[in-house]
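Enquirer: Model the following, please.
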Amino acid sequence: MPLLAASEPAAYSVVLPKGRSQFVLTCDHASRQIPQALGTLGLSQEALSTHVAWDIGAAGVAHRLSALLDAPLVLQGYSRLVIDCNRPPGVPSSIPALSEKTSIAGNLDLTPEAIAERQQEIFDPYHAAIGSILDARLREGKPTLLVAVHSFTPVYHDVARPWHTGLMYRHDRRLAQALLGLLRADSALCVGDNEPYAITDTTDYTLPFHGEGRGLAHVGIEIRQDLIGHEAGQVEWAERLARLLSRAAQLL
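Expert: As a prediction, this is how the structure comes out:
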């Protein structure tokens, strides 16, 4: 029996697949949906509404940014607690047993078959969709800049985070450095440079695999969740990022 029933949402969704922008957007942690076959993974609905299960506000920003830029957007359809689509398969955080202070009972003692099922039905289709868009653009000779949209909790392990936003990058600094300078020109913003997160081989997959792997300029954008947990904040940040990303692209 497949993990996802025919009546359930697909593993991913694509917005504006033929968008004319040079940007392609991803949202790895867009949803808190759990497949029916997995119940609630042993969690309360309250827990599933928190940052433990998804990137609060990220999908709202990504949708609006896609519309403003006319950019293709690929969104993950299931919670990162089922399988994290921004983790290499096989690392402990790919299917976490513990997220911050929350134990995920439904992820304990999984068989190899159960792990493979989650990868094959959720992780693989999502990344195949991203790859299909990027490869088609490369074949057509379209300039492409890859942007991953994320959000982060204001407090993690009881430590407050001062940043309003942070950029993630590693070997390829082109887009990140251009955008970083533009964001920091606003004295009202506290902007993290590879903070609160930085790309590593065990904590990231989308940008290393699709961006670094294809030689595409790319950046991960993190926005603090209390700033975008409501529509007004999502509109504000989407408009800011659309404006600054367009300017950053001109600086490359």
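Enquirer: Helices of this structure, start to end?
Expert: Along the chain, the stretches classed as helices by DSSP state H are 45-48, 58-69, 112-118, 124-139, 174-184, 206, 225-228, 231-251.
Enquirer: could I get these as CSV with mean pLDDT, distance to A148 and mean neighbour count?
Expert: Placement of C-beta: from N, CA and C, glycine included. Below are the helices of the chain laid out as CSV (pLDDT from 0 to 100; distance: least, CB to CB, whole Å; neighbours: other CB atoms under 10 Å):
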stretch, mean pLDDT, distance to A148, mean neighbour count
helix 45-48, 94, 23, 13
helix 58-69, 98, 9, 23
helix 112-118, 97, 21, 14
helix 124-139, 98, 10, 17
helix 174-184, 98, 11, 19
helix 206, 98, 5, 24
helix 225-228, 98, 15, 20
helix 231-251, 98, 12, 17
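Enquirer: Relative to D158, which of those is closest?
Expert: helix 225-228 (16.0 Å; CB to CB).
Enquirer: check contacts around R118.
Expert: Counting by CB atoms under 8 Å, 6 or more residues apart in numbering, R118 touches L3, V82, I83, I95.
Enquirer: Using JSON lines, lay out the helices of the chain together with distance to S13.
Expert: JSON lines is the format used below for the helices of the chain (distance: least, CB to CB, whole Å):
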{"stretch": "helix 45-48", "distance to S13": "20"}
{"stretch": "helix 58-69", "distance to S13": "10"}
{"stretch": "helix 112-118", "distance to S13": "18"}
{"stretch": "helix 124-139", "distance to S13": "9"}
{"stretch": "helix 174-184", "distance to S13": "25"}
{"stretch": "helix 206", "distance to S13": "16"}
{"stretch": "helix 225-228", "distance to S13": "19"}
{"stretch": "helix 231-251", "distance to S13": "17"}
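Enquirer: Nearest to T153 among those would be which one?
Expert: Ranking the helices of the chain by their distance to T153 (criterion: CB to CB) puts helix 225-228 first, at 5.6 Å.
Enquirer: what's next to the closest one, contact-wise?
Expert: 51, 55-58, 60-61, 151-154, 164, 233-234, 236-237.
Enquirer: what does stretch 234-246 give?
Expert: Here stretch 234-246 has contacts from 23, 57, 60-61, 64-65, 68-69, 145, 147, 165, 179, 182-183, 221, 223, 227-228, using CB under 8 Å, 6+ apart.
Enquirer: and the nearest residue to H157 once chain neighbours are set aside, how many neighbours?
Expert: With CB to CB, 6 or more residues apart in numbering as the criterion, H157 has its nearest non-adjacent residue at 6.4 Å, and that residue is E100. The tally of other residues near E100 (other CB atoms under 10 Å) stands at 13.
Enquirer: mind listing what E100 touches?
Expert: Taking CB under 8 Å, 6+ apart as the contact definition, E100 lies against H51, V52, Y156, H157.
Enquirer: let's see it at 7 Å
Expert: V52, Y156, H157 (CB atoms under 7 Å, 6 or more residues apart in numbering).
Enquirer: Pull out the buried members of the residues you listed.
Expert: Listed as buried from the contacts of E100 are V52; burial here means 16 or more other CB atoms under 10 Å.
Enquirer: Out of the contacts of E100, the closest to Y205 would be?
Expert: When the contacts of E100 are compared for distance to Y205 (CB to CB), V52 wins out at 19.3 Å.
Enquirer: The closest residue to that closest one other than its chain neighbours and L43: what is the separation?
Expert: Excluding the flanking residues, the one nearest V52 by CB to CB, 6+ apart is S99, at 4.5 Å. Using CB to CB, to the nearest Å, we find S99 at a distance of 10 Å from L43.
Enquirer: I'd like to know how far L108 sits from R139.
Expert: L108 is 44 Å from R139, by CB to CB.
Enquirer: and if you look at E100?
Expert: With distances taken as CB to CB, E100 is found 42 Å from R139.
Enquirer: No further queries at this time; thank you.
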